[in-house]
Structures are given as C-alpha cells and as structure tokens.
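>>> what shape does this take:
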Amino acid sequence: MEQPAHTANNDKLTRKQKLKKKLPALGVGALIIVLMVGLDQWTKWAIVKSIPLNGMIEVIPGFFELTYLRNFGAAFSSMTGVSMGFFGILTIVALCVIAYYFMKTDSTKVEFALSLIAAGAIGNLIDRMTLGYVRDFFRFYIFGSPFAVFNVADVCLTIGVALLIVIVLVEEWKERKAFNESSKSSQSK
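Below you'll find the model as predicted:
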C-alpha cells in the first residue's frame, strides 16, 4: 500500500529534525576522534623518533617502561600473519556499525564510548594501512610479569568497550529493578 504524500514528507521532516538534533553530538564525537587519533599518531611518532626498535626506557623500575615494538597482528599480537587487508575490511565494517549505533542512540555516554572505540580503531588502522604493522610502546609489569605492550589507540578501544559494558549492565540493572518494583506494586493491589 502506498503512503500518502503528506506522510512521506512528515517522515523526511522527522529524519531531518533527528539529524539536526544529532549535529552537536556528531561534532563532539568528531572532535574526540580527531583529538584521540592525533594523540595516538603523535605519541607513536615520538616513540619511533626517541627509542630504537625493540629498545626500552624504564620509567618506573619494575612497573612501567616505554618500548618500541612492531605488532603485525591484532590485540596482544594475536592473529599475526593475517593480511592487513583483512584488518582493514574488519575495521571499516566495525566503523560502519559504530556509526549506525551512534546515530541511533540518545545517550551521550554511549556516544562518548563509541567515539573512543572509533578513535582507537582509526588510529591502529592508519598504522596497518600505511606501515603494515601497529606501533606499540606502553609496557606495564603486573606483580613482576610483563603485560602486553600497547598504545594510545588500544587505550581508547579498551576504555570505550569497558564503558559500553558498564553502561549496558547498569541499564539492564535499572530495567530489572523497575520491573521488579512494578511487579510488586501490581501484586499488592
């Protein structure tokens, strides 16, 4: 069944209004992405200029050091040997999904988390596509054992994903609590 012209126009108007309402969030999201990708690329550049490959500067003995390593795989050097094209396609698909959910949500917390995830994905994508590897340099020691070496993009990804998990868990808890309270009040009537 065909929609009347006035209904189609109302749908378009609604989409335009939604986009107009979303513009400030898009601007803030873009700013977060540009700043975090800029910081990521600048710190990688500074490490490459300051520390030779596989070199190390101890910052806090036994706890934190700066090192320069090349990661030819994914997180924690997993999937080494997989083509950079695969990572590129995977990242572009992930960025499309992030953009979709960014446009759908009304939560500034979710928008912030998604912006961090996008920044991290873009920062490492730039390395993979231009160099064929990711430059990693933060190394922490936990109880004397080395933790994986990572970079600013990885920090953005980790914080963004952790925030999304917390947001989802808190929202789920709130919904359950509200449901339980409404169930109790309807039972007492």
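>>> which other residues reach stretch 122-137?
Around stretch 122-137, the neighbours that count as contacts under CB atoms under 8 Å, 6 or more residues apart in numbering are 33, 36-37, 40-41, 43-44, 47-48, 51, 66-72, 84, 87-88, 91, 95, 149-154, 156-157. Every residue, glycine included, has its C-beta placed from N, CA and C.
>>> just the buried residues of that stretch, please?
122-128, 133-137 (16 or more other CB atoms under 10 Å).
>>> in strands, which of those residues appear?
134-137 (DSSP state E).
>>> all strands for this protein, in order.
Counting by DSSP E, the strands of the chain are 56-60, 64-71, 134-142, 145-146.
>>> give me the contacts around the shortest one.
With contacts defined as CB under 8 Å, 6+ apart, strand 145-146 is touched by 139-140.
>>> what's the single longest helix in this protein?
In the chain, taking DSSP state H as the definition, the longest helix is helix 5-50.
>>> what angle separates that helix from strand 64-71?
Interaxial angle, helix 5-50 versus strand 64-71 (axes from the mean of the first three to the mean of the last three CA atoms, to 10 degrees): 110 degrees.
>>> just want the most central residue of this protein.
In the chain, the residue lying closest to the centroid (CA atoms, centre = their mean) is residue 117, at 0.7 Å.
>>> that one: what's it in contact with?
Applying CB under 8 Å, 6+ apart, the residues near residue 117 are 94, 98, 156-157, 160-161, 164.
>>> chain neighbours aside, what residue packs nearest to it?
residue 160 (3.7 Å; CB to CB, 6 or more residues apart in numbering).
>>> tell me the contacts of the one you found?
So residue 160 contacts 113-120 (CB under 8 Å, 6+ apart).
>>> in the chain, where is pLDDT below threshold?
Counting by pLDDT under 70, the chain has low-confidence residues at 1-13, 74-83, 186, 188-189.
>>> if we use 80, what do you get?
1-13, 15, 73-85, 178-189 (pLDDT under 80).
>>> that older thread, go through the buried residues of stretch 122-137 and say which is closest to residue 56.
residue 137 (9.5 Å; CB to CB).
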